[in-house]
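[1] Predicted structure and sequence below. I'll ask about it afterward.
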Amino acid sequence: MSTSSERRWATARTIAVTGGASGIGRAIAEAFRDNGDKVVVLDRADGPDVIGVDVAVEESVRRAFGTVRQQFGTVDVLVNSAGLLTESAVEDMSLEQWNETVNVDLTGVFLCCREVIGPMRAQRWGRIINVASQLGIKGGLGLGHYSAAKAGVIGFTKSLALELAPDNVLANSIAPGPIETPLVEGISEDWKKAKRAELPLGRFGTPEEVAPSALLLASDPGGNLFVGQTLGPNSGDVMP
């Protein structure tokens, strides 16, 4: 006899990916499409298949997810991959630079999660996957604002997981190491050279090497016991 979850996935799931137009988000979106899921990309970038959103602005997030619900129904899996990365020593950092990073990389995760929680609880199934960073665990030279925001994402995800697990809505995070993406291109070559030298694997990863972690966390039954966890495709930079 089929279980309710087996019957549910007779049709494609709806996967919403913020920051899904480039980098890790794009690779995750493509992996879910290849898996047969219905993927909705939300991004600041323009495109015919992209729903525009500024994740740092509450009203923009509300409008974007209202459009998602109207056009695609309940989001079954939310992947928060939108991000901002700049480089500065704390001593030289302006409050504007700090706030911009925290607003996108942390507050944006909160705002997007809040939009999907109610419907996921109502259907008693959902997966929330927040893309953090290994720098949220170990810190990073010249990246104090980014590291703080990503540490916040990890802590927020754990707390969210405690709230939602009783309703079979599972929240987890992925903390990649340095990945060859447009986001990392803006960091200085000196930083990247020093970071490569630290890595046991000796190289940065690719977005396609991160995407399978999202597929695992969203899978049923494969992801069903991950609650508040942080997966680390990081080239050995962090070994918990």
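    The structure has been received and is ready for your questions.
[2] And the strands in this protein, which stretches?
    Ranges of strands within the chain are 14-18, 38-43, 50-52, 77-80, 126-131, 169-174, 230-231, based on DSSP state E.
[3] partner strands of the last one, parallel or antiparallel?
    Its sheet considered, strand 230-231 pairs with strand 169-174 (parallel) by DSSP bridges.
[4] Give me the mean pLDDT for the strand it pairs with.
    For strand 169-174, the mean pLDDT works out to 98.
[5] what angle sits between that strand and strand 126-131?
    An angle of 20 degrees separates the directions of strand 169-174 and strand 126-131 when computed by axes from the mean of the first three to the mean of the last three CA atoms, to 10 degrees.
[6] chain center to strand 169-174, what's the gap?
    Relative to its chain's centre, strand 169-174 lies at 10 Å (CA atoms, centre = their mean, to the nearest Å).
[7] what do you get for stretch 215-230?
    Chain-centre distance of stretch 215-230: 14 Å, with CA atoms, centre = their mean.
[8] Output that stretch as PDB, nothing but the C-alphas.
    As requested, the backbone C-alpha atoms of stretch 215-230 are provided in PDB (Å, rounded to 0.1, in the frame of the first residue of the first chain):
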ATOM      1  CA  LEU A 215      19.000  17.200  -3.200                       C
ATOM      2  CA  LEU A 216      19.800  15.000  -0.300                       C
ATOM      3  CA  LEU A 217      18.300  17.300   2.300                       C
ATOM      4  CA  ALA A 218      15.100  17.600   0.200                       C
ATOM      5  CA  SER A 219      14.800  13.900  -0.500                       C
ATOM      6  CA  ASP A 220      12.300  11.500   0.900                       C
ATOM      7  CA  PRO A 221      13.300   9.200   2.700                       C
ATOM      8  CA  GLY A 222      16.900  10.200   2.300                       C
ATOM      9  CA  GLY A 223      16.600  13.600   4.000                       C
ATOM     10  CA  ASN A 224      14.000  12.600   6.600                       C
ATOM     11  CA  LEU A 225      16.300  12.500   9.600                       C
ATOM     12  CA  PHE A 226      18.200  15.700   9.000                       C
ATOM     13  CA  VAL A 227      17.000  18.200  11.500                       C
ATOM     14  CA  GLY A 228      18.900  21.400  12.200                       C
ATOM     15  CA  GLN A 229      22.100  20.000  10.600                       C
ATOM     16  CA  THR A 230      24.800  21.700   8.700                       C
END
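[9] Thank you, goodbye.
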